[in-house]
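>>> The following comprises the amino acid sequence and a computationally predicted model.
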Amino acid sequence: MAQNEDMYRGQRPRLSSDQTSALENMRDVYPMPSVAVGRPPVSDELYEGFQRVDNVPAELYKKYDVKRGLRNADGSGVLVGLTTISNVHGYNKTENGIEPDEGRLTIRGYDIADLVHNAQAEDRFGYEEVSYLLLTGSLPTEAQLVDFRQRIDSRRQLPTGYLHVFPRTTASTSIMNILQQSTLLLYSFDPTPDDTSPEHEIDVAVSQLARLPRVAAIAYAAHRANKFGEPLFVPPVREGYSMAETVLDVLRGDEGFTHDEAMLLDVMLMLHAEHGGGNNSSFTCRVLSSSGTDAYSAYAAAIGSLKGPKHGGANYKAGEMIQDIGYHVRDWADDEEIYAYLSKILRKEAFDGKGLIYGLGHAVYTKTDPRATIVKEYARRLAAQKGVEEKLNLIASVERLGPKAMREVRGITKRSRRSLRSRACPAGRPTAWRSSTAPGASSVPRTAATCSSWTTYPLAREANVWQTCALSFPTLTRPYLPPISPCPSATVAPLTCLPSGA
């Protein structure tokens with residue numbers, strides 16, 4: 001392990017635009033129809049008609065007992081399967097309904113707190129151990145862990161020619177979109193991508209664990225290189241590096257990173273490795289698994305689920321919200337000023353206008369989020385080293401004052417658990433992705449869980465394809481009526497010609 005005292009550094013070869021398409025800024029020169037053709041009144045039905053026709057009366061959902069969002073009336077998830085992978089506990093169902101309880105997250109029967117604390121106590125990286133646990137159902141022996149890491153190392157290197165056709169990162173506004181493209185691109189480099197044998201499934205899972213961190217970090221580096229005119233440096237594969245070290249090795253460049261930073265990132269990776277078999281991305285993977293498709297397509301779909309602001313993208317929104325609060329609140333120690341700004345957010349007068357305080361409220365956790373409880377223990381120390389204790393205190397104030405503001409401003413009485421620090425931790429943020437690329441920090445650790453969701457449900461692929469039922473509304477038929485008169489020709493704005501050879 002290349003280490004100078006407590007700082008990791010290394011030489012990074014520079015890549016030119018001839019060696020990778022990641023630096024190419026290619027965009028569609030043809031505008032969208034609403035721009036090219038315009039929006040005259042004749043187009044209103046096309047763009048707005050569905051809002052009227054597809055607005056189903058709310059009372060019908062109750063009449064037909066529709067499980068909207070696959071949720072029961074009490075807010076709990078609809079039971080659609082059984083899992084041996086993990087369990088998320090946050091409430092108890094009793095005769096009186098849902099009763100809040102302390103949050104608990106277990107992976108293959110092991111409490112997440114035990115997994116994290118034991119690795120940290122021994123000053124070793126634990127994410128690979130958790131990944132092995134997710135894939136196999138058992139904690140590895142020392143020999144098995146060494147073998148597992150060697151297999152990951154053997155696949156860290158991206159395929160020859162991969163960077164030359166690397167998805168055009170600079171033209172995308174989302175790193176999650178890049179990760180989807182990159183995952184599907186790896187399908188093309190697999191000689192037997194549709195092989196669903198157990199051995200190949202595990203090989204693909206190990207490959208994803210090895211390569212996705214480098215892909216995500218390179219995408220971020222390419223984004224900065226193009227945006228700020230910086231050179232693109234991609235380090236060689238570091239044999240023996242952990243997942244956390246691999247990510248930081250690319251992101252930090254010649255700046256290097258400390259062991260403490262890598263250890264905190266490792267904690268964040270473990271905490272976000274899995275979150276129950278019924279979560280949106282795991283469910284997405286299981287649905288695709290039942291169709292018999294290939295692993296790469298399922299993994300790309302799961303990443304697409306994580307991209308959403310109501311799922312993995314919530315990390316980004318929470319961090320963005322804290323940045324906004326920090327900018328508009330002058331005194332971070334003034335509870336009254338913080339409360340006043342939170343009230344403006346809830347009234348849709350500030351931040352993104354959605355009226356939401358991100359990081360408060362969860363589908364399962366009702367009292368506490370165990371991930372937030374754990375990360376607080378390790379973030380405080382690194383926050384002091386980085387000089388961001390004031391921001392950590394600001395997050396704590398938002399957690400404390402947010403529920404009160406939600407009750408008094410919006411009348412939201414549902415108990416809100418506090419996990420803002422696990423989503424917007426300022427000590428962890430500098431070690432991972434920043435700003436617009438932050439959602440990538442959710443997909444990388446969740447890779448192991450996505451792979452386990454895919455590899456541990458072979459029976460789903462042998463049974464019927466997963467399918468739901470939707471009742472047609474309204475139940476009527478209409479006679480076909482041809483247009484009364486020909487539609488007048490629309491005036492189309494002239495299009496800019498493409499360069500020769502495009």
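Cool, got the structure.

>>> Go ahead and confirm residue 343 touches residue 409.
Yes: between residue 343 and residue 409 a contact is recorded at 5.0 Å, counting by Cβ atoms under 8 Å. Any C-beta I mention is one placed from the backbone N, CA and C, and that applies to glycine too.

>>> excluding its backbone neighbours, what's nearest residue 295?
Nearest residue to residue 295 in three dimensions, chain neighbours excluded: residue 204, at 4.7 Å (Cβ to Cβ, 6 or more residues apart in numbering).

>>> how about the one you found, what does it touch?
Contacts for residue 204 were tallied using Cβ atoms under 8 Å, 6 or more residues apart in numbering; they are 190, 295-296, 451.

>>> Which ones among these lie within helices?
Per DSSP state H, helices hold the following members of the contacts of residue 204: 295-296, 451.

>>> what number of residues lie near the residue lying closest to residue 159 once chain neighbours are set aside?
The spatially closest residue to residue 159, leaving aside those adjacent along the chain, is residue 189, at 4.2 Å (Cβ to Cβ, 6+ apart). By other Cβ atoms under 10 Å, 15 other residues sit near residue 189.

>>> now residue 469
Neighbours of residue 469 using other Cβ under 10 Å come to 5.

>>> swap in residue 95?
5.

>>> mind checking the SS state of residue 278?
coil (DSSP: H, G, I helix; E, B strand; the rest coil).

>>> The closest residue to it other than its chain neighbours - how many residues pack around it?
Sequence neighbours aside, residue 77 is the residue nearest to residue 278 in space, at 5.0 Å (criterion: Cβ to Cβ, 6+ apart). If you count neighbours by other Cβ under 10 Å, residue 77 ends up with 17.

>>> same deal with residue 80?
14.

>>> give the contact list for it.
70, 278, 283.

>>> Mind picking the lowest-pLDDT entry from those?
Ranked by pLDDT, the contacts of residue 80 bottom out at residue 278, which has 76.

>>> residues contacting it?
By Cβ under 8 Å, 6+ apart, residue 278 lies in contact with 77, 80-81, 83.

>>> one step back: of the contacts of residue 204, which qualify as buried by neighbour count?
Neighbour counting with 16 or more other Cβ atoms under 10 Å marks 190, 295-296, 451 as buried within these.

>>> Now tabulate the residues you listed in CSV and tack on distance to residue 350 and pLDDT.
As requested, the buried ones among the contacts of residue 204 are exported to CSV (distance: Cβ to Cβ, whole Å; pLDDT from 0 to 100):
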residue, distance to residue 350, pLDDT
190, 48, 95
295, 43, 90
296, 41, 93
451, 40, 77
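
>>> Out of those residues, which two sit at the greatest distance?
190 and 451 (14.7 Å; Cβ to Cβ).

>>> So, low pLDDT: which residues of this structure?
1-27, 167-173, 276-277, 313, 361-363, 414-443, 454-463, 474-476, 485-502 (pLDDT under 70).

>>> Which strand residues bridge the residue nearest to residue 278?
residue 71 (DSSP bridges).

>>> longest helix of this protein?
helix 198-228.

>>> Now that one: buried residues?
For helix 198-228, by 16+ other Cβ under 10 Å, it's 201, 203-226.

>>> ok, residue 481 to residue 49 distance?
The gap separating residue 481 from residue 49 is 16 Å, by Cβ to Cβ, to the nearest Å.

>>> Neighbour count: the two, which is higher?
residue 49 (10 against 6).

>>> what helix or strand is that one on?
According to DSSP states H and E, residue 49 maps onto helix 44-53.

>>> Residue 180 against residue 298, yeah?
No: counting by Cβ under 8 Å, residue 180 stays clear of residue 298, with 11.6 Å between them.

>>> And the strands in the stretch 1-150 of the chain, which stretches?
7-8, 14-15, 86-94, 97-107, 110-111 (DSSP state E, counting those that start in this stretch).

>>> would you turn these into CSV with distance to residue 125 and mean neighbour count?
Converted to CSV, the strands of the stretch 1-150 of the chain look like this (distance: least, Cβ to Cβ, whole Å; neighbours: other Cβ atoms under 10 Å):
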stretch, distance to residue 125, mean neighbour count
strand 7-8, 13, 18
strand 14-15, 28, 16
strand 86-94, 20, 17
strand 97-107, 16, 17
strand 110-111, 17, 14
